[in-house]
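here you go, sequence then predicted model.
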Amino acid sequence: MNATIHLVRHGRVENPKGIIYGRLPGFHLSDRGLRQAEGAAQHLGDRDVGAIWSSPLERAQETARAIAAHHDVEIVTDDRLIESDSTLEGVGRSIATFARSPRVWWSFRNPWRPSWGESFAEIRVRMLDAIDEAVRSSGGRELVVVSHQTPVIVARLSLTKSRVPPWMGFTPCSTGSVSSVVIEGGDAVSVSYFAPGD
């Protein structure tokens, strides 16, 4: 594979109740998230983008639309780019909320899998399958993939053939960020990271 792949995490989401929203519908970009999406779009504005692929969730679609506004490219929606599956959807993020939700306690029995949802291996397979197809559709031009935090981190580590576990937290992936990977002959020769301001 020879390609330049821009892995974009959607902008910040409007989430006043502070829940883990996962794949739940109805979560859109906040005003800050819209600014972050536009920051990512400006960052990619002068790139030779031949394809923009996105998760079907609203926040990713809104981010992809901001980017597509700078390029004459249709957005391709692909379910393989969706947020990681989780048993924690709808649960609040605080320790107190977890303590009051015994139905989710069993989900933390094995952080290596992770036992609370889709495994990193499963995410890796679907993300790389989608990216491979998207690269082929881009006509030799650059590819933008808009997805979510864990899928973006897993894809970046996979494309760069890193052995760091995705849960270690060393791979930056803030909302609205762009992780760009240049691949030549199947190997990553360049990796860069951009995070928009607020």
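In hand now; what should we look at?

hey, where'd the helices end up in this structure?
Remark: helices assigned in the chain by DSSP state H are 31-43, 58-68, 95-99, 120-137, 149-159.

with residue 182 as the reference, name the closest of these.
helix 149-159 (9.8 Å; Cβ to Cβ). No exception for glycine: its C-beta is placed from N, CA and C like everyone else's.

next one: that closest one to chain centre, how far?
For helix 149-159, the separation from the chain centroid amounts to 7 Å (computed by Cα atoms, centre = their mean, to the nearest Å).

give me the angle between it and helix 58-68.
60 degrees (axes from the mean of the first three to the mean of the last three Cα atoms, to 10 degrees).

contacts made by helix 149-159 with the rest, please.
5, 7-9, 55, 81-84, 120, 123-124, 127-128, 131, 145, 147, 162, 164, 166, 171, 173, 179, 181, 183, 188, 191 (Cβ atoms under 8 Å, 6 or more residues apart in numbering).

shaky segments in this protein?
87-116, 167-169, 198 (pLDDT under 70).

in it, which spans are strands?
With strands called from DSSP state E, the chain shows them at 3-9, 49-54, 75-77, 142-147, 178-184, 187-194.

can I get these in a markdown table with distance to residue 20 and mean neighbour count?
Compiled in a markdown table, those are given as follows (distance: least, Cβ to Cβ, whole Å; neighbours: other Cβ atoms under 10 Å):
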| stretch | distance to residue 20 | mean neighbour count |
| --- | --- | --- |
| strand 3-9 | 16 | 24 |
| strand 49-54 | 21 | 23 |
| strand 75-77 | 23 | 17 |
| strand 142-147 | 17 | 27 |
| strand 178-184 | 23 | 19 |
| strand 187-194 | 25 | 13 |
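
would you list these in CSV and tack on distance to residue 60?
Shown next, in CSV, are the strands of the chain (distance: least, Cβ to Cβ, whole Å):
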stretch, distance to residue 60
strand 3-9, 8
strand 49-54, 5
strand 75-77, 9
strand 142-147, 5
strand 178-184, 14
strand 187-194, 17
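
can you tell which of those strands is closest to residue 63?
strand 142-147 (5.1 Å).

now the angle from the closest one to strand 49-54?
Using the same axes, to 10 degrees: strand 142-147 against strand 49-54 is 10 degrees.

partners of strand 142-147 in the sheet?
Looking at strand 142-147 with DSSP bridges, its partner strands are strand 3-9 (parallel), strand 49-54 (parallel).

contact partners of that strand?
Contacts for strand 142-147 (Cβ under 8 Å, 6+ apart): 3-10, 44, 47-55, 60-61, 63-64, 67, 81-83, 127, 130-131, 134-135, 152, 155.

go again using 6 Å as the cut-off
Contact with strand 142-147 is made by 4-8, 47-49, 51-55, 60, 63-64, 67, 81, 134-135, as judged by Cβ atoms under 6 Å, 6 or more residues apart in numbering.
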